[in-house]
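> The sequence and its predicted three-dimensional model are supplied below.
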Amino acid sequence: MIFMYKPNSERYLTMTYNRCGKSGLKLPAVSLGLWHNFGDTADYENMKALVFTAFDNGITHFDLANNYGPAPGSAERNFGKILKEELSPYRDELIISTKAGYDMWEGPYGNWGSRKYLLASLDQSLKRLGLDYVDIFYHHRPDPDTPLEETMGALTRAVRSGKALYAGLSNYNGEQLEKAVKILTELKCPFIINQNRYSIFDRTIEQNGLKSTAVRLEKGIIAFSPLAQGMLTDRYLNGIPADSRIMTDGRFLKQSAVTPERLEQIRKLNEIAKERGQTLAEMALAWVLKDGVVTSVLIGASKPSQILDNIKAINNTAFSAEELEKINKVCNIGGNA
């Protein structure tokens with residue numbers, strides 16, 4: 001096969017790579033999430049442009065899940081096609097992750113955290129991706145009804161079978177993480193990373209113990225929705241634009257979330273960003289990376305220029321105590337979180 005795509009030869013010169021907890025794996029400070037814009041409703045040429053722009057600028061980590069689409073499974077299938085046609089010579093330079101835990105197929109075995117579901121889902125994901133293994137396989141959300149030992153045993157089995165190199169957990173809190181780590185350590189499973197929602201507007205992981213527990217147990221964190229579904233960008237400075245995700249795809253960000261109070265906060269945060277010489281999006285991503293606890297921020301993009309803009313965040317991730325206080329005041333939060 002003749003491969004047309006030739007990556008930028010200087011792709012590793014500007015990206016920062018952070019160690020994932022105490023493991024041997026490093027992740028780029030900015031990773032590309034395929035939650036949106038890689039389903040069957042998206043343009044394939046644009047998908048390629050997004051992936052190439054990311055890799056050309058040192059983004060080596062591409063984050064998927066079994067249900068990403070729409071339709072579920074289509075993001076993996078489309079990314080698998082790009083891998084096969086363009087990126088297969090560079091497989092060993094890539095970190096590809098996927099997950100299972102949310103609703104994927106009909107019946108009692110297509111959801112949550114059973115051994116049956118997780119291992120079947122991973123096999124399906126590998127088939128769609130055209131791969132022998134993924135680098136990280138996550139349990140996507142805690143399952144209140146399946147014993148944690150069973151779910152963690154399934155992750156361990158995935159690694160031991162050679163179908164995943166590392167295990168990850170997504171949407172767990174501090175207490176759940178602590179229990180999971182105890183089991184995974186006993187099973188000698190290379191669990192290295194937590195994926196959780198985290199942004200200036202959503203600090204749940206600071207309140208539910210996940211962030212502090214991950215630090216204590218020396219595990220990595222990768223933050224999704226660091227731009228609060230686009231609210232922490234210049235998109236909403238003048239109200240809700242007609243082509244915004246709220247208007248075109250209201251599944252995840254509702255119009256009711258963008259209140260007059262929220263719009264006022266966005267404008268005030270934008271002023272702080274300007275004083276730092278950053279865009280609001282750059283500052284929001286830098287804020288998540290500010291203390292060295294978060295290994296990587298997951299960005300989504302609908303056009304290559306957004307990736308290039310977001311990468312600039314890594315140029316200044318230092319905040320003064322005064323800046324942090326200002327940001328917290330805007331968000332009505334006490335202390336320098």
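Sure thing, it's come through.

> Poorly predicted segments of the stretch 151-300 of the chain, please.
242-256 (pLDDT under 70).

> what are the ranges of the helices in it?
For the stretch 151-300 of the chain, the helices defined by DSSP state H, counting those that start in this stretch occupy 174-186, 204-207, 210-216, 245-248, 260-275, 280-289.

> Now do the fifth one: distance to the chain's middle.
It stands for helix 260-275. Computed by Cα atoms, centre = their mean, to the nearest Å, the chain-centroid distance of helix 260-275 equals 24 Å.

> In terms of secondary structure, what does that helix contact?
Where contact means 3 or more Cβ pairs under 8 Å, 6 or more residues apart in numbering; DSSP states H and E, helix 260-275 is packed against helix 280-289, helix 321-330. Glycine gets a C-beta too; all of them are placed from N, C-alpha and C.

> right, so those helices: which one is the most enclosed?
Each of those was scored by mean neighbour count; the highest is helix 280-289, a mean of 25, by mean count of other Cβ atoms under 10 Å.

> ok, back up a step: among the helices of the stretch 151-300 of the chain, single out whichever gets nearest to Ser9.
With Cβ to Cβ as the criterion, Ser9 lies closest to helix 280-289 of the helices of the stretch 151-300 of the chain, at 26.0 Å.

> Please identify the buried residues of stretch 134-145?
By neighbour count with 16 or more other Cβ atoms under 10 Å, stretch 134-145 contains the buried residues Val134, Asp135, Ile136, Phe137, Tyr138, His139, His140, Arg141, Pro142, Asp143.

> nope, stretch 48-59 is what I was after
Buried positions in stretch 48-59, judged by neighbour count with 16+ other Cβ under 10 Å: Lys48, Leu50, Val51, Phe52, Thr53, Ala54, Phe55, Asp56, Asn57, Gly58, Ile59.

> Kindly report the same for stretch 17-36.
In stretch 17-36, counting by 16+ other Cβ under 10 Å, buried: 17-18, 20-21, 23, 25-36.

> Equivalent analysis for stretch 206-220, please.
Applying a neighbour-count criterion of 16+ other Cβ under 10 Å, one finds Asn208, Gly209, Leu210, Lys211, Thr213, Ala214, Leu217, Lys219, Gly220 buried in stretch 206-220.

> Now tabulate the helices of the stretch 151-300 of the chain in a markdown table and tack on distance to Arg91.
Formatted as a markdown table, the helices of the stretch 151-300 of the chain follow (distance: least, Cβ to Cβ, whole Å):
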| stretch | distance to Arg91 |
| --- | --- |
| helix 174-186 | 26 |
| helix 204-207 | 32 |
| helix 210-216 | 29 |
| helix 245-248 | 32 |
| helix 260-275 | 37 |
| helix 280-289 | 27 |
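
> how about the strands in the stretch 51-200 of the chain?
61-63, 95-100, 134-139, 164-170, 191-197 (DSSP state E, counting those that start in this stretch).

> Serialize those strands to TSV and add fields for distance to Ala313.
Shown next, in TSV, are the strands of the stretch 51-200 of the chain (distance: least, Cβ to Cβ, whole Å):
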stretch	distance to Ala313
strand 61-63	16
strand 95-100	19
strand 134-139	22
strand 164-170	22
strand 191-197	18
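
> Of these, which is nearest Asn8?
For the strands of the stretch 51-200 of the chain, proximity to Asn8 was assessed by Cβ to Cβ; strand 61-63 is nearest, at 16.5 Å.
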